[in-house]
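Enquirer: prediction below, plus the sequence it came from.
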Amino acid sequence: MLGDWKFNLAVLMQTDIAVIREPLALYHHRIHAGDIYANTVVGSTAMHKEFNAVVRNQLIRGGGTLGMAMALGHMAQDQRDRLDTLTNRVKSLEKTVAMQSLALERLTGLDRTAEPNDSNARDKAWIIRHLRSRRKLPERLKIAWGFRRLGRSIPWPDLSAALAQYGFSIPTPPDFDEACYLAENADVANDVRQGKFGSGYDHYVKYGLVEGRRRPNH
């Protein structure tokens, strides 16, 4: 175990090692072998590390240039391994964050490709954001939407129907002209006064949009 490595180091301390550019022997690297035919660096990794430490410690205790080189080399390799591990963790975290960001966009209805004046997309994002802020949603609603559809892909009729069916009241966004909507829709204003809807916007997202009523913007 590691005898050839120790021998080569000993020779190197005495003289240079030349290379014969002719294959005189074949070395079969059996990566997937798990029995006696496996290479020690593959099939006996634990033992390989153990004897690596034994040989390295012997050379370090012997002093001299080789011992110091072995100590520094091991420290450099250990730091490189740690750095590789951290790099892989960072890449994994970046991938996880990217996937979660994409999932969040889909769940909240935030479509970065939407034009700023796309009021329908903004309304959908506003509604779903407030729905998701609720700690508990009816199980029937989760089942009906599969909860994965609770995002920008859900059709407006389904979203409006769910708001009406489960009595969700959505606060009015800043860009919705409440007074103008009520002025243009006397029937809605009357229903709001009677308490049938929490606001003109409440009516708009439940019925008004599907009915084709105009959305007044500030």
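Expert: Arrived safely, thanks for sending. Computed from a predicted model, the values in this text were never measured in an experiment.
Enquirer: for the residue nearest the centre of the chain, report the pLDDT, please.
Expert: The centroid of the chain falls nearest to residue 96 when counting by C-alpha atoms, centre = their mean (1.7 Å). The confidence metric pLDDT takes the value 77 at residue 96.
Enquirer: now stretch 10-25: how far from the chain's centre is it?
Expert: Averaging C-alpha positions (C-alpha atoms, centre = their mean, to the nearest Å) puts stretch 10-25 49 Å from its chain's average.
Enquirer: how long is it from one end to the other?
Expert: Length of stretch 10-25, first residue to last, C-alpha to C-alpha, to the nearest Å: 22 Å.
Enquirer: and for stretch 163-175?
Expert: 20 Å.
Enquirer: if we can go back for a sec, so what does the strand or helix carrying the residue nearest to the centre of the chain touch, helix or strand wise?
Expert: For residue 96, the host element (DSSP states H and E) is helix 64-108. Secondary-structure packing of helix 64-108 (3 or more C-beta pairs under 8 Å, 6 or more residues apart in numbering; DSSP states H and E): helix 3-14, helix 45-61, helix 119-133. C-beta coordinates here come from the backbone N, C-alpha and C atoms, glycine included.
Enquirer: next SSE after the helix or strand bottoming out on mean pLDDT in the chain?
Expert: Least confident helix or strand, the chain: helix 139-145 with a mean of 52, by mean pLDDT, DSSP states H and E. Once helix 139-145 ends, the next helix or strand along the chain (criterion: DSSP H and E) is helix 156-166.
Enquirer: what pLDDT, on average, does that following helix get?
Expert: 81.
Enquirer: show me what counts as buried in the next helix or strand after it.
Expert: Sequence-wise, the next helix or strand downstream of helix 156-166 (DSSP H and E) is helix 178-184. If you call a residue buried by 16 or more other C-beta atoms under 10 Å, then helix 178-184 has these buried ones: 178, 181-182.
Enquirer: can you redo these as TSV with pLDDT and distance to residue 157?
Expert: Formatted as TSV, the buried residues of helix 178-184 follow (pLDDT from 0 to 100; distance: C-beta to C-beta, whole Å):
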residue	pLDDT	distance to residue 157
178	94	23
181	95	20
182	95	24
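Enquirer: how close does the nearest residue to residue 177 once chain neighbours are set aside sit to residue 188?
Expert: Nearest non-adjacent residue to residue 177, counting by C-beta to C-beta, 6 or more residues apart in numbering: residue 216, 3.8 Å away. Separation of residue 216 from residue 188 (C-beta to C-beta, to the nearest Å): 12 Å.
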